[in-house]
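A predicted structure for the sequence below; I have some questions about it.
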Amino acid sequence: MLMILYRLFRLPRHYKRMIQLFIDAILLTLSFVMAIWLRLENLEPLLNPASWVMWMTVLPISLAIFARLGFYRAVIRYLSAKALKTLLIGISGSAALLVIISSLLAISLPRSTCLIYPMLALLSVGGVRYFLRSLNMHSMIRYKARVIIYGAGAAGSQLVNILRQGSEYAPVAFVDDWRGMHGTFVEGLQVYDPDRLPRLLKHYGAERILLAMPSAPRSRRREILRILEPLSVPVQTLPSMEDMIAGHARLNEIRDVTVEDLLGRDPVPPNQELLDANVRGKVVMVTGAGGSIGSELCHQLLQQGPRELLLFELCEFALYSIERALRQRMQEQGLEVSVRALLGSVQDRQRLDTVMRTFGVETIYHAAAYKHVPMVEHNVTQGILNNVFGTLATAQAALACKVETFVLVSTDKAVRPTNVMGTTKRIAELICQALADHQSQTRFSMVRFGNVLGSSGSVVPLFREQIARGGPITVTHPEVTRYFMTIPEAAQLVIQAGAMGSGGDVFVLDMGKPVRIADLAAEMVRLSGLEVLSEENPEGDIEIRHTGLRPGEKLYEELLIGENEAPTAHPRIRTAREHYWPWSRMEAYLGQLLQAVEYLQHERIRELLMVAPTGYVPRDGIVDLVWLGRNAASSRQRSLDLPLETGSRPARASDTRTTAPTAYLSSTSLKG
C-alpha cells in the first residue's frame, strides 16, 4: 500500500490532476446517489432519464469550478486550511447548480437532498485527500527524527505545520508550563506537563526537544534549559523574537541553543537620545571596523543615521567584508548613509590625519587593538606598538583635527593585569585620561567590558567544534571564570556610554555574574544530547580536559580598579574615576617605552610596564618569541665559542616599518 502511495505521489503533475478529476467525478456522483437514497430510502428518482441528464450537466460544471478555484493545483501532501476553504466554496457552487438546473428542467428533488449532497461531497472529496495526506505523513515518520516541542503557543503550532511538511523532524507531543493547556490537543498533538518529559521521551522515542518560545525573555529560557539539561537529549530552539524582528532569522530556522540562552541575560531597551547624541547627522569613524566589536559597532551606528560612516581597517579582507555587509543592510532596509571603506593602520599618524581632515570626522570609536592574550604575550613589541602607540597616534590625530568625541573601547583585562595585552589597554586608557585633562576641545571617554560572545578567539565556537569532533573540550583551569556579553549589546552600550562622558571618564558595563568556563562547557555538552566523561561518569561521551593557564592568563577578571564608582543614566553602565598621570609625565614615560620597544629591550619593557600606574604584576617570565629566539641563538653561539659580531647596533622594531616611530610623540599634534 505504501509503495503504491509512493509511486502515486511520484507521478507527473498532469497525470495526478487527471486521476483527481476522475476520482472526484466518481465521488460526486456517489454523493448525489447517496443523498437521494438517504432522503427517500430508494432510488426511484434515478429511474427518470432526465435526472441523469441533469446530473451530467451539473458534474462537468462542478469540476470546472473546482479547477477554476485552483483546487487541482494544491499538493495533497501539503493541504492546508486554505485548500479546505476552496473545497467548501466549490461544493457549495455544485449544490447551487443542482438546485438551479433541477428547477430549469422541472425535475422534482426533495429540498433536503440538496443539503445532504454537499455534506456527503465534502466528506468524500475532502476526506479522501486528507486521508492520503495523513497516510503519507505517517509513512514519512519512519524516516524522521521524533521531537517533542516545548511551548504549545502560536509559535509551537506554526512549527508543527512546518516540521510536518519537512523531511527532518516528526513532532509527537507538546509540553507547556501553563496548566490550563495540559491534556488539550494542539494540531492533533497532546499537551503534557514538563514534569513528564523523562517518561515522554521514552514513550514516544523522541530524539530531541525543540524550544518554541521565541517571545520568552532570556531569563525564562535559561530556567527552562536548566530543567532540560539533565535529560541529556539534544535541545534546539527557535530564534528569539528580537532576531526575527531585526530580520536576522525566520521562524522556521531551528538552531542549536545559543550561549545567550545559557546565560539568561535579558537586554535592556536602549536610550535613543544617548544613541543619537554623537552619531545622528555626524561624520563617524570606527577604527578596527572589520573586527568583532568594530563590525558590530558599524552595524549599530548605521541604524542611528550618521551623515558619513568611515570604516578604518588594516586588513583588506575584513574591510571588504564589513563594507559589503553594511551595503547589503542599507539596501534591504532602505537606509541612505555614505559609507566609506578606508585601508590604513592606526600606527600611521599621517594616514590618520589625512582621513580625519579630508572627511571632517566628528566622532571616533577606537576599537582597533590586538586582544588575544597569548598572542600579544608572544609578540610583545607589536602589541605595544599597536595598542599603546596606535591609540596615541589616533588620539593625537583626533586632537589635531579637532574631533569632538573620542571613545576608546577597552577591556576588563586592563584591571590589575597579569599580561601584556591587558597592560597595553590600561596604558591606552591612561593616554586618553591624560589627554582629556591636558585640553578641552576633544572629549575622551573609555568604555571597559569583558568577553563578548562570538568574538574572534571566543571559547564558544571552539567548544562547539570540539564537541562536533567528539572531544575533548579543552579548558585551561577548572576555576577560570569570565564575564560574558553579546556583541550587539556591548556595541549598543559603547555608543550610549560614549555620549555620557564629560572628559576622562572610565565607563564600566554591567556584565552580570561571572561564568565558570568549565560549567559552560559541561552545559554545552549536555544540551547537545551527550554526557561529560569523567571519573564519576566513565560511560560519558565528551571529556573536559584542563590544559593549564596560558602565559599571562588570570583565573578571574575584574572590571574596576578601585571602589570609586557611581551609577549613570543607564542601568547597565557605571562610571569610575581612576588614578592617572598628567600628560607631561605620561609623554616622558611613552618616550622611554618607545625607545625600549625600538631596540627590542624586553627586560626594560617589562620594567617600564610595571612602573606605570597599571597594577601590572606578571605571573610568568618573558615569552616573547623573538626574545626567546635571540637568547637561544646567543646560547648556541656561546656553546660553539663563535665570536659575536661587532660594530653593529641592536636590532630595532622599526627596521621593517615605514612609519617614523618618533611621529607617535610629536608635540605639535597636541597644539593642532
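The structure has been received and is ready for your questions. Worth saying up front: this structure is predicted, and the values here are computed from it rather than measured. Numbering: from 1, shown residues only.

Least confident secondary structure element in this protein?
Least confident helix or strand, the chain: helix 668-671 with a mean of 40, by mean pLDDT, DSSP states H and E.

in the stretch 51-200 of the chain, which spans are strands?
For the stretch 51-200 of the chain, the strands defined by DSSP state E, counting those that start in this stretch occupy 145-150, 169-175, 185-186, 189-192.

Give the full set of residues in contact with residue 370.
By Cβ atoms under 8 Å, 6 or more residues apart in numbering, the contact set of residue 370 is 376, 379, 382, 383, 386, 387, 421, 424. No exception for glycine: its C-beta is placed from N, CA and C like everyone else's.

By neighbours, which of those residues wins?
Within the contacts of residue 370, most neighbours by other Cβ atoms under 10 Å means residue 424, with 29 neighbours.

Could you report the distance from the nearest residue to that residue once chain neighbours are set aside to residue 321?
The spatial neighbour of residue 424 that comes closest, neighbours along the chain excluded (Cβ to Cβ, 6 or more residues apart in numbering), is residue 387 at 3.6 Å. Distance of residue 387 to residue 321, computed by Cβ to Cβ, to the nearest Å: 23 Å.

Could you do residue 299 as well?
Residue 299 sits 12 Å away from residue 321, going by Cβ to Cβ.

Could you do residue 281 as well?
For residue 281, the distance to residue 321 - Cβ to Cβ - is 27 Å.

Same drill for those two, tell me which one is more crowded.
residue 321 (15 against 11).

and the gap between the more buried one and residue 112?
72 Å.

go on, residue 119?
In terms of Cβ to Cβ, residue 119 sits 11 Å off from residue 112.

Now do the phi/psi pair for residue 215.
phi -90, psi -10 (degrees, to the nearest 10).

For it, give me the pLDDT.
Looking at residue 215, its pLDDT reads 77.

Please apply the same query to the one 5 residues further on.
Listed pLDDT for residue 220 reads 82.

mind checking the SS state of it?
Following DSSP: H, G, I helix; E, B strand; the rest coil, residue 220 is assigned to helix.

close enough to count as contact, the residue nearest to residue 424 and residue 369?
Yes. Using Cβ atoms under 8 Å, residue 387 makes contact with residue 369 at a distance of 5.0 Å.

Are there residues contacting both of these two? Which ones?
Common contacts of residue 387 and residue 369, defined by Cβ under 8 Å, 6+ apart, comprise 424, 425, 428.

and the closest residue to the last one other than its chain neighbours, what pLDDT?
Right, residue 428. Once flanking residues are discounted, residue 428 sits nearest to residue 391: 4.0 Å by Cβ to Cβ, 6+ apart. Looking at residue 391, its pLDDT stands at 97.

Can you dump the C-alpha atoms of the helix or strand harbouring residue 391 in PDB for me?
Using DSSP states H and E, residue 391 sits in helix 390-400. What follows is helix 390-400, C-alpha atoms only, in PDB (Å, rounded to 0.1, in the frame of the first residue of the first chain):
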ATOM      1  CA  GLY A 390      48.400  53.100  17.800                       C
ATOM      2  CA  THR A 391      46.000  54.600  20.400                       C
ATOM      3  CA  LEU A 392      48.400  57.600  20.900                       C
ATOM      4  CA  ALA A 393      48.600  58.300  17.200                       C
ATOM      5  CA  THR A 394      44.800  58.100  16.800                       C
ATOM      6  CA  ALA A 395      44.200  60.300  19.800                       C
ATOM      7  CA  GLN A 396      46.700  62.900  18.700                       C
ATOM      8  CA  ALA A 397      45.300  62.900  15.200                       C
ATOM      9  CA  ALA A 398      41.900  63.500  16.700                       C
ATOM     10  CA  LEU A 399      43.200  66.500  18.600                       C
ATOM     11  CA  ALA A 400      45.000  67.900  15.600                       C
END
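
Helix or strand next in line after that helix, which one?
Note on helix 390-400: by DSSP H and E, the next helix or strand toward the C-terminus is strand 405-409.

Please identify the buried residues of the helix holding residue 391?
For helix 390-400, burial by neighbour count (16 or more other Cβ atoms under 10 Å) applies to 390, 391, 392, 393, 394, 395, 396, 397, 398, 399, 400.

Packing partners of that helix?
helix 349-359, strand 363-366, strand 405-409, helix 420-438, helix 668-671 (3 or more Cβ pairs under 8 Å, 6 or more residues apart in numbering; DSSP states H and E).

Let's test this: mean pLDDT of whatever helix or strand comes next after the fourth one, rounded?
Right, helix 420-438. Sequence order places strand 443-448 as the next helix or strand after helix 420-438, per DSSP H and E. Average pLDDT, strand 443-448: 91.

Repeat that for stretch 334-354.
95.

Show me the domain layout of this protein.
Here the domain parsing of the chain from automatic domain parsing is 2-139, 144-263, 272-576.

ok, now which ones touch the residue nearest to residue 428?
Shown in contact with residue 391 (Cβ under 8 Å, 6+ apart): 346, 366, 369, 408, 428, 431, 432.

Is it correct that the fourth one is in contact with residue 446?
By that I understand residue 408. Yes. Using Cβ under 8 Å, residue 408 is in contact with residue 446, at 4.5 Å.

Name the residues contacting each of those two.
Common contacts of residue 408 and residue 446 (Cβ under 8 Å, 6+ apart): 429, 432.

The two: who's more crowded?
More crowded of residue 408 and residue 446, by other Cβ under 10 Å: residue 446, with 30 against 27.

what's the distance between the more buried one and residue 226?
Applying Cβ to Cβ, the value for residue 446 to residue 226 is 36 Å.

ok, now residue 53?
Distance, residue 53 to residue 226, by Cβ to Cβ: 73 Å.

do the same with residue 173
The spacing between residue 173 and residue 226, counted by Cβ to Cβ, is 21 Å.
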